[in-house]
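Visitor: Got a sequence here, can you model it:
(2 chains)
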Amino acid sequence: MTAQVAAVFAPGLFSSEAVHIAAGVGALVAVVTSVVGVFTVIRGQSFAGEALGDIGATGGSGAYLVAVGPLWGFVVGNVIAAGAMELIGIQRPRGRDLATGIVLGASIGLAALFLYLTTTSQSTTGAAVTILFGSVFAITSSTVPMIALLSAIVLATMLAIYRPLLLSTVSFDMASSRGIHVRIVGALYLFALALATALAAITIGTILSTALLIGPAATAVRLTKRPVLAILTGAAIGIATMWVGIVLAYDSYEWPPEGNGWPVSFFVVTLIFIAYLLSGLFALRKPRRSPGPTERSGAAAPAAES
Amino acid sequence: MEGPASSAVLEVQDLDVRLAGRKILDQVSFTIAPGQFTGLIGSNGAGKTTLFRVILGMQSASAGRVLRGGRARPRNDHLIGYVPQKFLLDPDLPMRARDLVGLGLDGHRLGIARPSRARRALVDEMLEAVDASSFADTRVGRLSGGEQQRILIAHALIARPRLLLLDEPLANLDLRSAHDVVALLARIAREQEIAVLISAHEINPLVGVMDRVVYLAQGRAVSGTTEEVVRADVLSKLYGHHVDVLDVHGRILVIAGAGDQRDLAGHEGSFPEILTT
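Guide: Next comes the predicted model:
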């Protein structure tokens, strides 16, 4: 029994400072990304979430160039990008994907330049891999206060706009008829999304940050029919996948090819994917309440009027 | 603080609306008294949704004014409850019917709703009032069109408005659901003294329930009782050309066309044209 426990929780796991930081930051960021991610899923803005994740590569590589921590780069880059998306018109129903796509394209162009400059002018050959795929083990204790502060900002923002944002997500017209400033609420949400993807990027890498933002949230939305429960479930799934991923990554130092260990981000993302697939089985098992065929087909027709 | 008790819930006075140079509403005037059930009848493109948007303050007028509870700027945001034109709720939205009704109570407030017995009782009471208790805990996006309509009505009513605006709530509903929704609205108007303004392109589902009708055509309006408004001479003047109003086994047909070529089987778009039914 002890041998089996030791096989899972390798010696040194619980005494390693890197593991402590990883477990704490991973859990905090999982909560933050779930609060934001549930709205990203139900607002159908996964593309904006993915784009802001990718755009982190620009900020991150820029940060390497000017020799500051990558988190600063993620935050500054993402907030600027979110502001540009807002200006181009991400809140217009037809402009949403367009605004996201244009900002993403421009930003990745910059990332190409920054990464080229860092790899040629400096001897930081690992920069690209670190920024793109990240490692929660690489987070230093000096970065933790900044991560905590950003998390607090995101959580406070989301808590404040929770109800107006939920109602705006259901219907723009219903929300604005109640005196809600839907555009302001939408812009605040976009700001929270920019910071949340920055936090996800420092945790599991820019390219994989969408997985943490969307995966647990999408799984939770399948499992529960209440908004607050969806957020809590998403947070629990996020924390679980982070922690199991950390344990597996720690164990993988014993795995071939010897000595280096596998990327922790790989484990986390794979676990998130498996959780999503399992939730699909759960959704299949539950009988769907089928709406009347005539009403559903009629309601699907666009009803536009002056 | 309510508005002056004696005055109308809604007064629309000489309202003009121009959008992109086109005149959408032209000198529209009517009033709605407390508890009155009013039908806003007009074909697609007559300007019904635009009129609603002006009443709700989501669209500004070029001329004229709208008084809500006797004031141009109502002090109370909840004076008017609104059920927008049919839209499709996402079936996977993690939200029960009762959650959406609850958002009608406090969805404009900051923060998260604190669950309380009083709040739950209010939501339950409202679900009961729209006969929705049996599906209160179902995901709202998985309900049928008629069921969703009732939830949206409960969402609008729970803030205790004095006027309920419904934009084409009967479109896309089968006859039976449409009848149920109209009966429900009539009961609410009567029992809770809430004025109802309901837009529709068909007049017949509302005949017998409406206290008054506002008939909208080409941006202009006439209002009064059904008997005063839905008449050949009044509607001919409104449309600017001759129309006939026929009573076919108790159903009203408003038909544009020259006398001899009348063809009751003619459908919309053909000549002669059935303007409203």
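Visitor: elements contacting whichever helix or strand residue A:111 is part of?
Guide: In this assignment (DSSP states H and E), residue A:111 forms part of helix A:96-121. In this structure, helix A:96-121 packs against helix A:46-65, helix A:70-88, helix A:127-133, with contacts taken as 3 or more C-beta pairs under 8 Å, 6 or more residues apart in numbering or on different chains; DSSP states H and E. In short, each C-beta sits where N, CA and C put it, glycine included.
Visitor: any idea of the mean pLDDT for it?
Guide: Averaged over helix A:96-121, pLDDT sits at 85.
Visitor: most tightly surrounded among the helices and strands packed on helix A:96-121?
Guide: Greatest average neighbour count among the helices and strands packed on helix A:96-121 goes to helix A:46-65 (a mean of 26), per mean count of other C-beta atoms under 10 Å in any protein chain shown.
Visitor: thinking again about what came up before, in CSV, list the helices and strands packed on helix A:96-121 along with mean pLDDT.
Guide: Converted to CSV, the helices and strands packed on helix A:96-121 look like this (pLDDT from 0 to 100):
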stretch, mean pLDDT
helix A:46-65, 89
helix A:70-88, 91
helix A:127-133, 74
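Visitor: wait, which of those helices is closest to chain B?
Guide: Shortest separation from chain B across the helices and strands packed on helix A:96-121 is recorded for helix A:46-65, at 13.1 Å, computed as C-beta to the nearest C-beta.
Visitor: then that closest one to PDB, C-alphas only?
Guide: What follows is helix A:46-65 as a C-alpha-only set of coordinates in PDB (Å, rounded to 0.1, in the frame of the first residue of the first chain):
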ATOM      1  CA  SER A  46     -14.500  31.100 -27.400                       C
ATOM      2  CA  PHE A  47     -12.800  32.600 -30.500                       C
ATOM      3  CA  ALA A  48     -12.100  35.800 -28.600                       C
ATOM      4  CA  GLY A  49     -10.700  33.700 -25.700                       C
ATOM      5  CA  GLU A  50      -8.500  31.700 -28.000                       C
ATOM      6  CA  ALA A  51      -7.300  34.800 -29.700                       C
ATOM      7  CA  LEU A  52      -6.400  36.600 -26.500                       C
ATOM      8  CA  GLY A  53      -4.500  33.400 -25.500                       C
ATOM      9  CA  ASP A  54      -2.500  33.400 -28.700                       C
ATOM     10  CA  ILE A  55      -2.000  37.200 -28.500                       C
ATOM     11  CA  GLY A  56      -0.300  36.400 -25.200                       C
ATOM     12  CA  ALA A  57       2.600  35.200 -27.300                       C
ATOM     13  CA  THR A  58       3.100  38.700 -28.600                       C
ATOM     14  CA  GLY A  59       3.100  40.200 -25.100                       C
ATOM     15  CA  GLY A  60       5.300  37.400 -23.700                       C
ATOM     16  CA  SER A  61       7.900  37.600 -26.400                       C
ATOM     17  CA  GLY A  62       7.900  41.400 -26.100                       C
ATOM     18  CA  ALA A  63       8.500  41.100 -22.400                       C
ATOM     19  CA  TYR A  64      11.600  38.900 -23.200                       C
ATOM     20  CA  LEU A  65      12.900  41.600 -25.500                       C
END
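Visitor: now for that helix, which elements pack on it?
Guide: Contacts of helix A:46-65 with other secondary structure elements, assessed using 3+ C-beta pairs under 8 Å, 6+ apart, are made with helix A:17-42, helix A:70-88, helix A:96-121, helix A:127-133, helix A:182-204, helix A:209-223.
Visitor: So what sits opposite residue B:213 in the bridge?
Guide: With beta bridges defined as DSSP bridges, residue B:213 has these partners: residue B:39, residue B:224.
Visitor: and it, how far is that from chain A?
Guide: With distances defined as C-beta to the nearest C-beta, to the nearest Å, the gap from residue B:213 to chain A amounts to 19 Å.
Visitor: ranges for the strands of the stretch 151-277 of chain B?
Guide: Counting by DSSP state E, counting those that start in this stretch, the segments of the stretch 151-277 of chain B that form strands are B:163-166, B:195-200, B:212-217, B:220-224, B:243-248, B:251-256, B:273-276.
Visitor: The ones you listed into CSV, with extra columns for distance to residue A:89 and mean pLDDT?
Guide: Rendered in CSV, the data for the strands of the stretch 151-277 of chain B read as follows (distance: least, C-beta to C-beta, whole Å; pLDDT from 0 to 100):
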stretch, distance to residue A:89, mean pLDDT
strand B:163-166, 29, 94
strand B:195-200, 30, 94
strand B:212-217, 32, 91
strand B:220-224, 35, 89
strand B:243-248, 43, 85
strand B:251-256, 41, 84
strand B:273-276, 38, 70
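Visitor: The ones you listed into TSV, with extra columns for mean neighbour count and distance to residue A:84?
Guide: As requested, these are arranged in TSV below (neighbours: other C-beta atoms under 10 Å in any protein chain shown; distance: least, C-beta to C-beta, whole Å):
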stretch	mean neighbour count	distance to residue A:84
strand B:163-166	23	37
strand B:195-200	24	40
strand B:212-217	23	42
strand B:220-224	20	45
strand B:243-248	15	54
strand B:251-256	17	52
strand B:273-276	20	48
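Visitor: I'd like to know which of these lies nearest to residue B:8.
Guide: Of all those, the one in closest proximity to residue B:8, counting by C-beta to C-beta, is strand B:195-200 (8.7 Å).
Visitor: how about the residue of the stretch 1-150 of chain A found nearest chain B, what does it touch?
Guide: With C-beta to the nearest C-beta as the measure, residue A:42 is the residue of the stretch 1-150 of chain A nearest to chain B, at 5.8 Å. For residue A:42, the set of contacting residues under the criterion of C-beta atoms under 8 Å, 6 or more residues apart in numbering or on different chains consists of A:169, A:221, B:90, B:92-94.
Visitor: ok so, going back, where's the helix holding residue A:111 relative to the chain centroid, distance-wise?
Guide: In terms of C-alpha atoms, centre = their mean, to the nearest Å, the centre of helix A:96-121 is found 19 Å from the chain centre.
Visitor: buried stuff in it?
Guide: Under the neighbour-count criterion of 16 or more other C-beta atoms under 10 Å in any protein chain shown, helix A:96-121 has A:96, A:99-100, A:103-104, A:107, A:110-111, A:114-115, A:118-119 buried.
Visitor: got the angle for it vs helix A:46-65?
Guide: Relative orientation of helix A:96-121 versus helix A:46-65 (axes from the mean of the first three to the mean of the last three C-alpha atoms, to 10 degrees): 20 degrees.
Visitor: buried stuff in the helix or strand harbouring residue B:127?
Guide: Residue B:127 is part of helix B:117-129 when elements are defined by DSSP H and E. Along helix B:117-129, these residues count as buried under the neighbour rule (16+ other C-beta under 10 Å): B:122-123, B:126-127, B:129.
Visitor: cool, and stretch B:224-240?
Guide: Going by neighbour count (16+ other C-beta under 10 Å), the buried part of stretch B:224-240 is B:226, B:229-230, B:234-235, B:238-239.
Visitor: what's the weakest-modelled helix or strand in the chain?
Guide: All of this refers to chain A. When each helix and strand of chain A is scored by mean pLDDT, DSSP states H and E, helix A:293-300 comes last, with a mean of 38.
Visitor: Output the longest helix belonging to chain B.
Guide: The helix spanning the most residues in chain B, taking DSSP state H as the definition, is helix B:175-192.
Visitor: Is chain A within reach of it?
Guide: Yes: Helix B:175-192 lies in contact with chain A when judged by C-beta under 8 Å from any C-beta of the partner chain; the contacting residues are residue B:177.
Visitor: neighbours of the residue lying closest to residue A:205 once chain neighbours are set aside, just the number please.
Guide: With sequence-adjacent residues excluded and distances taken as C-beta to C-beta, 6 or more residues apart in numbering or on different chains, residue A:205 is closest to residue A:134, at 3.0 Å. Here the count is done by other C-beta atoms under 10 Å in any protein chain shown, and residue A:134 has 27 residues near it.
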